[in-house]
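Okay, sequence plus prediction incoming.
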Amino acid sequence: MELFYRKYGEAKPPLIVVHGLYGASDNWVTVAKSLSEHFEVYLLDQRNHGRSPHSDEHNYELMKDDLLEFMDKMQIEKAVLVGHSMGGKTAMFFARDYPERISSLIVVDIAPKSYNTPGEASLKTINHKQIITAMKQVDFSKITSREEVGEELAKSIPNERVRQFLMKNLHRNKDNSYNWSLNVDALDRNMPHILEGMCEKDFEKGNGIVGFPVLFIRGANSQYILDEDIDNIILTIFPFAEVVTVPKAGHWVHAEQPALLVKNLLYFVLE
């Protein structure tokens with residue numbers, strides 16, 4: 001699948017950012033501009049998001065191969081790979097199958113584990129079923145403004161930050177009607193695939209992924225990477241990974257603490 005992308009800077013080496021669920025390349029423009037002095041930065045829209053094509057299928061086997069196709073098309077032999085949330089999972093599956101194409105891996109606020117299992121940790125993370133249901137319930141035949149969409153979402157999503165983030169996916173048509181740029185139906189059907197993780201047992205007994213530096217960046221106010229995840233699964237799959245915690249940030253570290261995210265990334269890759 002040919003993905004839409006944005007490019008910033010001319011400096012080598014190449015750095016590719018893969019956004020998370022409900023995100024898009026334009027969520028990362030501020031970070032990309034800060035990094036463009038040091039890297040040739042590519043921001044991708046993953047399938048069913050942003051301006052990339054829609055598909056009935058949405059899983060990490062396909063998304064990591066979408067990424068490979070992009071790199072081959074752009075003749076990028078190796079890249080610094082940055083992935084947030086769902087994009088972090090895409091990057092980790094890519095690292096499993098194509099480690100020779102990565103110079104450094106930075107995973108933002110997601111662990112390699114499955115988030116499908118109900119429990120205390122998953123209850124503290126984002127309620128994706130609630131979000132998808134709220135988005136599907138917006139009747140665009142009756143919508144005349146962005147404000148009305150916000151009012152509809154507010155009926156079931158009390159967090160204004162989440163609502164504003166979702167509304168970045170509003171697309172205004174030539175006839176002034178609105179719709180979601182996201183393929184909401186496909187994301188709904190494929191949510192179990194999106195929440196799945198890597199199989200930890202495949203990487204035990206010295207079979208972890210090595211050969212390039214790996215950094216996990218988590219938000220201090222987020223529950224996506226718990227302390228026990230570091231020893232239990234992250235260091236099993238990525239034995240030499242480093243983990244840093246960004247203060248005063250939740251799951252969307254790049255939106256809440258962009259300067260600290262950039263500082264940690266530059267220090268890790270360039271120092």
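On my side now, so go ahead.

Show the low-confidence segments of the stretch 101-250 of the chain, by residue range.
Applying pLDDT under 70 to the stretch 101-250 of the chain flags residues 118-125.

Tell me how many other residues surround Pro52.
In this structure residue 52 is Ser, not Pro. 21 (other CB atoms under 10 Å). C-beta: built from backbone N, CA, C; applies to glycine.

no wait, Ser145
With other CB under 10 Å as criterion, Ser145 counts 10.

what's the answer for Asp175, then?
5.

Equivalent analysis for Glu196, please.
As a burial measure, Glu196 scores 16 neighbours (other CB under 10 Å).

And for Arg172?
Neighbour tally, Arg172, other CB under 10 Å: 10.

Dig out what it forms beta bridges with.
Tyr178 (DSSP bridges).

quick one: it from Leu43, how far?
Remark: distance between Arg172 and Leu43 (CB to CB, to the nearest Å) = 22 Å.

May I ask you to confirm that Asn48 is in contact with Asn59?
No - if you go by CB atoms under 8 Å, Asn48 and Asn59 don't touch, sitting 11.0 Å apart.

More neighbours: those two, which one.
Using other CB under 10 Å as the criterion, Asn48 and Asn59 rank with Asn48 on top: 23 against 15.

What separation is there between that one and Glu57?
9 Å.

joint contacts of these two?
Ala186 (CB atoms under 8 Å, 6 or more residues apart in numbering).

ranges for the strands of the stretch 101-250 of the chain?
102-108, 170-172, 178-180, 214-219, 242-246 (DSSP state E, counting those that start in this stretch).

May I see those strands organised as TSV, with distance to Glu77 added?
Output for these, formatted as TSV (distance: least, CB to CB, whole Å):
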stretch	distance to Glu77
strand 102-108	9
strand 170-172	35
strand 178-180	36
strand 214-219	19
strand 242-246	25
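
Among these, which comes closest to Thr144?
Among the strands of the stretch 101-250 of the chain, the nearest to Thr144 by CB to CB is strand 178-180 (8.5 Å).

got the contact list for that closest one?
Counting by CB under 8 Å, 6+ apart, 135, 138, 140, 143, 146, 149, 169-173 sit against strand 178-180.

ditto for stretch 263-270
Contacts for stretch 263-270 (CB under 8 Å, 6+ apart): 35, 38, 80, 82, 104, 106, 213, 215, 217, 242, 244, 246.

Are any of those residues buried, and if so which?
Among those, those scoring as buried are 35, 38, 80, 82, 104, 106, 213, 215, 217, 246 (criterion: 16 or more other CB atoms under 10 Å).

Kindly confirm whether my reading is correct that Lys155 touches Ala134.
Yes - Lys155 is in contact with Ala134 according to CB under 8 Å; the separation is 7.4 Å.

so who does Phe70 touch?
2-3, 5, 16, 42, 44, 76.

Kindly report the same for Val107.
So Val107 contacts 83, 88, 91-92, 214-217 (CB under 8 Å, 6+ apart).

picking that back up, ok, which pair from the buried ones among the contacts of stretch 263-270 is furthest apart?
Most distant of the buried ones among the contacts of stretch 263-270, by CB to CB, are His38 and Val246, 19.4 Å apart.

so, if you compare the contacts of strand 178-180, which one comes nearest to Tyr98?
Asn169 (29.1 Å).

quick one: that closest one from Asn183, how far?
10 Å.

what do you get for Trp252?
Taking CB to CB, one finds Trp252 at 21 Å from Asn183.

quick one: which of those two has more around it?
Ranked by neighbour count (other CB under 10 Å), Trp252 and Asn183 place Trp252 first, with 22 against 19.

Surely that one is in contact with Phe165?
Yes - look at Trp252 against Phe165 with CB under 8 Å: they come within range, at 6.9 Å.

what's the burial count for the nearest residue to Ser156 once chain neighbours are set aside?
Of all residues not flanking Ser156 in the chain, Ala134 sits nearest, at 4.5 Å (CB to CB, 6 or more residues apart in numbering). Neighbour count for Ala134, taken as other CB under 10 Å: 19.

same check, this time on the one 5 residues further on
When neighbours are defined as other CB under 10 Å, Asp139 has 9 of them.
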